[in-house]
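**Student:** this one's sequence-less:
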């Protein structure tokens, strides 16, 4: 028998006083009076437990606001974009100038069945994390795999800025070669400037330390530009956690798109997502600012450029050595022919041009020739051993 029924029986059956019953059972007199009144009015049904939920909630958001929250949630989720309560709050604030609290939005989504409460997670205070103080202080680079609509496996090279989470470069390759990495980095340099340092994992295209020593193409290139290169601890992807997390965000969006049937189509999708991610998507780690806003908010860190002339303006071009062992380059509207050697005829190469300073690399990152262009001569002969 429940306590309520015991209390009512003591008053109604045993004839004891309500004050005495309250004292003997350790309950308030008010509760005893309320139970007896409910029993007299409703009988046994009046003793059943009752909800304490208020009949009216003046602070509950209007139904049309809940409908708008659900609409935003569905729209973002259908596009494969982040659709959490904080992101929805950012969209509402942009639309109306204000927004309900993220907790209120979460409860609205819970009432509509869009979220399921999860067990208490590990507190954020327990995590040890690093974030660069300035834009371009450190870039993170990594490669992830993807599959085209026809089943072809390809690779995506992503480079992001550690401080602002800005997507510097996102390039798709059939298989990423050493020269591809150099080309992608130079593409990032030309748009966003030189970083002070770069962080990567220990993949073969990022370090030659585990292949008998020496240095790979990107190690040589970054050293020439005065950019420090750091590698994560082996088998510890958390060191490059920001770019690893970006892979997830990018792939979630790609899964919602029409499968790309070619590398060019995939690159087009990557470019569209990159523009949205940098300029429109509110980032939780940035106080709901966009990566571009965070990148432009502070002075940029810089590298010590050691290329002759100290230039930071680069051109990157893929070419093929002709049958007589030369490549052609236009400088100040004038064509110049650069001798490489007949033994390299037909070899695909990567040209890195910094004003008059030119380097010619193979697709595997080997240096075929480095020279300073003489703009007064049409032909740049091979150097005499």
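**Tutor:** The structure has been received and is ready for your questions. This is a predicted model, so every value here is computed, not measured. Numbers count the residues shown, from 1 in each chain.

**Student:** and for residue 21, the neighbour number?
**Tutor:** Neighbourhood size, residue 21 [other CB atoms under 10 Å]: 21. (Glycine included, C-beta is placed from N, CA and C.)

**Student:** can you check residue 233 too?
**Tutor:** Other residues lying near residue 233 total 10 when counted by other CB under 10 Å.

**Student:** wait, doesn't it sit right on residue 239?
**Tutor:** Yes: with contact defined as CB atoms under 8 Å, residue 233 reaches residue 239; the gap is 6.0 Å.

**Student:** helix or strand: which one has residue 241?
**Tutor:** Element membership of residue 241, judged by DSSP states H and E, is helix 241-255.

**Student:** list the contacts of the helix or strand following that helix.
**Tutor:** Using DSSP H and E, the helix or strand that directly follows helix 241-255 along the chain is helix 263-279. With contacts defined as CB atoms under 8 Å, 6 or more residues apart in numbering, helix 263-279 is touched by 81, 146, 148, 154, 156, 166-167, 170-174, 249-250, 253-254, 257, 260, 290-292.

**Student:** which residues touch the spatially closest residue to residue 323 that is not a sequence neighbour?
**Tutor:** Computed as CB to CB, 6 or more residues apart in numbering, the closest residue to residue 323 that is not its neighbour in sequence is residue 345, at 5.0 Å. By CB under 8 Å, 6+ apart, the residues touching residue 345 are 321-325.

**Student:** show me just the buried residues among those residues.
**Tutor:** 321, 325 (16 or more other CB atoms under 10 Å).

**Student:** parallel or antiparallel, which strands does the helix or strand containing residue 229 pair with?
**Tutor:** According to DSSP H and E, residue 229 maps onto strand 228-231. Based on DSSP bridges, the pairing partners of strand 228-231 within the sheet are strand 197-200 (parallel).

**Student:** who's in contact with the helix or strand that comes right after the strand it pairs with?
**Tutor:** As assigned by DSSP H and E, the chain's next helix or strand after strand 197-200 is helix 217-224. Applying CB under 8 Å, 6+ apart, the contact partners of helix 217-224 are 178-179, 181-182, 185, 198, 205-208, 215, 228-229, 306-307, 352, 361, 364-367.

**Student:** just the buried residues from those residues, in PyMOL please.
**Tutor:** Burial among these is assessed by 16+ other CB under 10 Å; the matching PyMOL selection reads:
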select buried, resi 178+179+181+182+185+198+205+206+207+208+229+307+352+361+365
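
**Student:** domain assignment for this structure?
**Tutor:** 3-47, 63-116, 139-296, 308-380 (automatic domain parsing).

**Student:** span of the longest one from start to end?
**Tutor:** When you say that, I think you mean domain 139-296. Taking CA to CA, to the nearest Å, domain 139-296 runs 15 Å from one end to the other.

**Student:** what mean pLDDT would you report for that domain?
**Tutor:** Averaged across domain 139-296, the pLDDT comes to 89.

**Student:** how far off centre is it?
**Tutor:** 10 Å (CA atoms, centre = their mean, to the nearest Å).

**Student:** cool, and stretch 14-27?
**Tutor:** That offset, for stretch 14-27, works out to 65 Å (CA atoms, centre = their mean).

**Student:** now residue 13: how far from residue 87?
**Tutor:** From residue 13 over to residue 87 the distance is 61 Å, taken as CB to CB, to the nearest Å.

**Student:** who's more crowded, those two?
**Tutor:** residue 87 (21 against 8).

**Student:** tell me who's in contact with the more buried one.
**Tutor:** 76, 81, 282, 284, 288.

**Student:** switch to 6 Å and redo it
**Tutor:** residue 282 (CB atoms under 6 Å, 6 or more residues apart in numbering).

**Student:** secondary structure element for it?
**Tutor:** Residue 87 belongs to helix 85-96, assigned by DSSP H and E.

**Student:** how many neighbouring residues does residue 338 have?
**Tutor:** Using other CB under 10 Å: residue 338 sits among 22 other residues.

**Student:** check the secondary structure at it for me.
**Tutor:** Classification of residue 338 using DSSP: H, G, I helix; E, B strand; the rest coil returns strand.

**Student:** identify the bridge partners of it.
**Tutor:** residue 327, residue 380.

**Student:** before we move on, the earlier item: CSV for the contacts of residue 345, including secondary structure and distance to residue 24?
**Tutor:** CSV is the format used below for the contacts of residue 345 (DSSP: H, G, I helix; E, B strand; the rest coil; distance: CB to CB, whole Å):
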residue, secondary structure, distance to residue 24
321, coil, 103
322, coil, 107
323, coil, 110
324, coil, 112
325, coil, 108
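
**Student:** now pLDDT and distance to residue 8 too, for the contacts of residue 345, in TSV please.
**Tutor:** What follows is the contacts of residue 345, written out as TSV (pLDDT from 0 to 100; distance: CB to CB, whole Å):
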residue	pLDDT	distance to residue 8
321	93	100
322	93	104
323	92	106
324	91	109
325	92	106
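
**Student:** and for stretch 241-248, what are the contacting residues?
**Tutor:** 140, 142, 144, 158, 160, 237.
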